[in-house]
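Asks: No sequence on hand, only this structure:
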């Protein structure tokens, strides 16, 4: 089996320099760093040593990652808490860091965003039957990660 592209194996020092710039570019999780280091062809002991070094030098901080991730997904993509929480879990973030990240979302902004999404979706919805209309809007919002009880309470008030 021949490879068209030859993979480079990195030394410990080369890997540290490369992974440091990888971390400096944007927030990363420990798992992303481990995956990248393994892709460099490094042994488990070296991967763990370099990961520990990056944590101690504050290149990797999962609490900071969770705060940045949660705030960004909420502000930019208008995701709800449920979807953000699940995405952070899938990235291997601890429950403590997830809670800290979700605290970045202001309750007032959360509700205003939910109301804004309801208005936008209601304007697009063609369904005439009011019950089916609300159901479709609620289904959309739950899919965006908003809590079902909050969605229905908000829709009921409209």
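Replies: Right, received. Where do you want to start? A quick note: this is a predicted structure, and the numbers were derived from the prediction, not measured.

Asks: Now residue 27. Nearest residue, chain neighbours left out?
Replies: residue 65 (4.3 Å; CB to CB, 6 or more residues apart in numbering). To be clear about C-beta, it is placed using only N, CA and C from the backbone, and glycine gets the same treatment.

Asks: Which strands or helices does the helix or strand where the one you found lies pack on?
Replies: Assigned by DSSP states H and E, residue 65 belongs to helix 62-77. The elements that helix 62-77 packs onto, with contact taken as 3 or more CB pairs under 8 Å, 6 or more residues apart in numbering; DSSP states H and E, are helix 81-90, helix 95-102, helix 107-124.

Asks: Just give me the neighbour total for residue 15.
Replies: As a burial measure, residue 15 scores 20 neighbours (other CB atoms under 10 Å).

Asks: Report the rounded mean pLDDT for the helix holding residue 65.
Replies: Per-residue pLDDT over helix 62-77 has a mean of 96.

Asks: can you pull the buried residues of that helix?
Replies: 62, 65-67, 69-71, 73-74 (16 or more other CB atoms under 10 Å).

Asks: farthest pair in these?
Replies: 62 and 74 (18.2 Å; CB to CB).

Asks: from the buried residues of helix 62-77, which is closest to residue 94?
Replies: Distances from residue 94 to the buried residues of helix 62-77, taken by CB to CB, are shortest for residue 62, at 6.7 Å.

Asks: ok, back up a step: could you dump the buried residues of helix 62-77 to TSV with distance to residue 19?
Replies: Converted to TSV, those look like this (distance: CB to CB, whole Å):
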residue	distance to residue 19
62	16
65	15
66	20
67	22
69	20
70	24
71	25
73	25
74	29
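
Asks: Distance of residue 106 relative to residue 148?
Replies: Residue 106 sits at a distance of 21 Å from residue 148 (criterion: CB to CB, to the nearest Å).

Asks: what does residue 39 give?
Replies: Distance of residue 39 to residue 148, computed by CB to CB: 40 Å.

Asks: element containing residue 153?
Replies: Going by DSSP H and E, residue 153 is in helix 148-156.
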